[in-house]
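Undergrad: Let's see this in three dimensions:
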Amino acid sequence: MIDQTDLRGVIAACITPVTEDYRIDVARLGAHAASMLDGGCSFVSLFGTTGEGASFSSEEKLAALSELRDAGHDMGRHVAGVIASSIDEAAKMVAGVAALGCRAALVLPPFYYAPASVEAVADFYRAVIERAGSPELDIVLYNIPAFSGVRLTPDHVAAIQGVLGGRGAGLKDSTGELDNTLAIVRGFPDLSVFTGDDRILPDVIAEGGAGLIGGTPNLFPETALKLASPSPEAADRALAARRIEAIDGNGGLTVIKSVLAHMKGDDAYVRVVPPLAATQADTLASLLGALTASPEEVPVE
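TA: As a prediction, the model looks like this:
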C-alpha cells in the first residue's frame with residue numbers, strides 16, 4: 001500500500017544544465033538537484049523528458065550520475081530516467097543506475113516502432129531487465145504517449161508487472177487525464193502512481209495516488225508541496241493551472257529553463273540541446289508575469 005513506501009510525494013523532474021558544447025553541466029546539475037531536495041521534494045528525477053534524457057547517451061548520463069555520487073550526493077534520493085529505444089541502451093542505463101544505488105529507475109516504453117501488442121511492450125521490459133543482469137532495482141513505468149507513442153493502459157501495466165519479477169514499484173502518468181490516472185490507481189493499489197500534471201495532483205492523492213513527478217517544481221516546489229498536502233487551497237490550484245498552461249503552451253522544458261535562468265541570474269541554464277531551441281526573450285518576458293504571480297493575484301473560478 002502507498003502508506004508503506006517512501007516512493008511518494010513531490011519528485012522534481014529536474015532540468016539538465018548543459019555546457020556550450022552540449023555536454024551535461026554536472027556542477028550546475030548537482031547544485032540544482034540539491035536545491036530541489038532542500039526545498040522539500042522527496043526525490044529528484046534526472047534525465048526524464050524535462051531533463052532532455054533522450055538527448056544524451058547512456059554513457060553520458062551514467063558518467064554524470066557517477067560524478068554526483070562521488071561528490072557526495074545521496075543517490076538513494078534519485079529516480080533516474082531511462083529513455084532508450086534499444087534494449088541494450090536501456091539495459092546499460094538500468095544496470096548502471098542500480099549499481100550507483102539510485103532509489104528507482106523511471107523507464108519509458110519502447111518508442112519509434114509501434115508495438116505489435118500489449119505483450120510486445122512487456123517483452124521489451126523483460127528483455128531490458130534480463131540484459132541488465134536482473135538487478136534488484138525498483139522500476140517506475142513512464143506513461144507519456146505524446147513522446148513515446150505508447151499509451152500504457154491497465155492491460156499494459158498488468159502485463160509488464162507480470163514480467164518484472166516484483167520490481168514494478170510505480171507509474172508516472174503524464175497524460176494529464178484524471179480518469180486514466182485514477183483507473184491505474186484503483187486497479188493497482190500496490191503501485192506508487194504519480195501524475196505529471198499539477199492541476200490534478202490533489203485529486204490523484206485523494207484517491208490514493210502517490211504524488212507528482214513533474215517539471216514545475218524546478219521553479220515552484222512550494223506550490224507543488226501545497227497541492228500535495230491534505231487540504232490544498234483553491235488559489236494554489238488556480239495558480240498551478242495558470243502556470244502549466246503558460247509553460248506547456250510555449251515550449252515546455254525550454255520555458256522552465258529560461259525562467260530558471262532568470263530566477264537564478266545565470267544565463268547558462270537557458271541552454272538546451274538541439275534540435276530544441278531556447279525560449280525567445282520576448283516570449284519569456286510576456287510569460288514572467290503569469291508564472292511569478294502570487295496565489296492572491298490569480299482569480300479562482
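Undergrad: Report how many residues lie close to the nearest residue to Ile83 once chain neighbours are set aside.
TA: Among residues not flanking Ile83 along the chain, Gly53 sits closest, at 4.2 Å (C-beta to C-beta, 6 or more residues apart in numbering). Glycine gets a C-beta too; all of them are placed from N, C-alpha and C. By the criterion of other C-beta atoms under 10 Å, Gly53 has 23 neighbours.
Undergrad: ok, now how distant is Gly53 from Thr181?
TA: Separation of Gly53 from Thr181 (C-beta to C-beta, to the nearest Å) stands at 22 Å.
Undergrad: ok, now Gly265?
TA: To Thr181, Gly265 is 37 Å away according to C-beta to C-beta.
Undergrad: repeat for Val94
TA: Distance check for Val94 against Thr181: by C-beta to C-beta, it reads 25 Å.
Undergrad: cool, and Lys61?
TA: On the measure of C-beta to C-beta, Lys61 and Thr181 end up 27 Å apart.
Undergrad: same deal with Arg8?
TA: To Thr181, Arg8 is 14 Å away according to C-beta to C-beta.
Undergrad: those helices in this structure, which residues are they?
TA: Per DSSP state H, the chain carries helices over the ranges 26-38, 58-70, 87-99, 118-131, 145-148, 154-163, 178-187, 201-206, 221-227, 234-248, 253-264, 281-292.
Undergrad: Show me the one of these that comes nearest Thr49.
TA: Closest approach to Thr49 among the helices of the chain (C-beta to C-beta): helix 145-148, 6.1 Å.
Undergrad: Give me the contacts around that closest one.
TA: Helix 145-148 is contacted by residues 49, 54, 108-111, 142, 151-152, 174-175 when judged by C-beta atoms under 8 Å, 6 or more residues apart in numbering.
Undergrad: how about 10 Å then?
TA: For helix 145-148, contacts defined as C-beta atoms under 10 Å, 6 or more residues apart in numbering pick out 49, 54, 83, 85, 108-112, 115, 121, 142, 151-152, 173-176, 180.
Undergrad: re earlier: Gly265 and Thr181: which has the busier surroundings?
TA: Thr181 (27 against 7).
Undergrad: Now for the more buried one: which residues touch it?
TA: Contact analysis of Thr181 by C-beta under 10 Å, 6+ apart lists 143, 171-175, 193-197, 200-201, 203-204, 207, 209.
Undergrad: returning to that earlier point: for my notes, please list the helices of the chain in a markdown table and give mean pLDDT for each entry.
TA: Shown next, in a markdown table, are the helices of the chain (pLDDT from 0 to 100):
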| stretch | mean pLDDT |
| --- | --- |
| helix 26-38 | 98 |
| helix 58-70 | 98 |
| helix 87-99 | 98 |
| helix 118-131 | 98 |
| helix 145-148 | 95 |
| helix 154-163 | 97 |
| helix 178-187 | 96 |
| helix 201-206 | 96 |
| helix 221-227 | 96 |
| helix 234-248 | 91 |
| helix 253-264 | 95 |
| helix 281-292 | 85 |
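Undergrad: closest one to Pro275 among those helices?
TA: Closest approach to Pro275 among the helices of the chain (C-beta to C-beta): helix 253-264, 11.3 Å.
Undergrad: buried residues in the closest one?
TA: Within helix 253-264, the residues that qualify as buried by neighbour count (16 or more other C-beta atoms under 10 Å) are 253-262.
Undergrad: Could you dump those residues into TSV and include distance to Val270?
TA: Output for these, formatted as TSV (distance: C-beta to C-beta, whole Å):
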residue	distance to Val270
Leu253	12
Thr254	8
Val255	11
Ile256	11
Lys257	6
Ser258	5
Val259	10
Leu260	8
Ala261	4
His262	9
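Undergrad: closest to Tyr125 among those?
TA: Leu253 (25.6 Å).
Undergrad: I'd say that closest one and Arg271 touch.
TA: No - Leu253 is beyond contact range of Arg271, at 11.8 Å (criterion: C-beta atoms under 10 Å).
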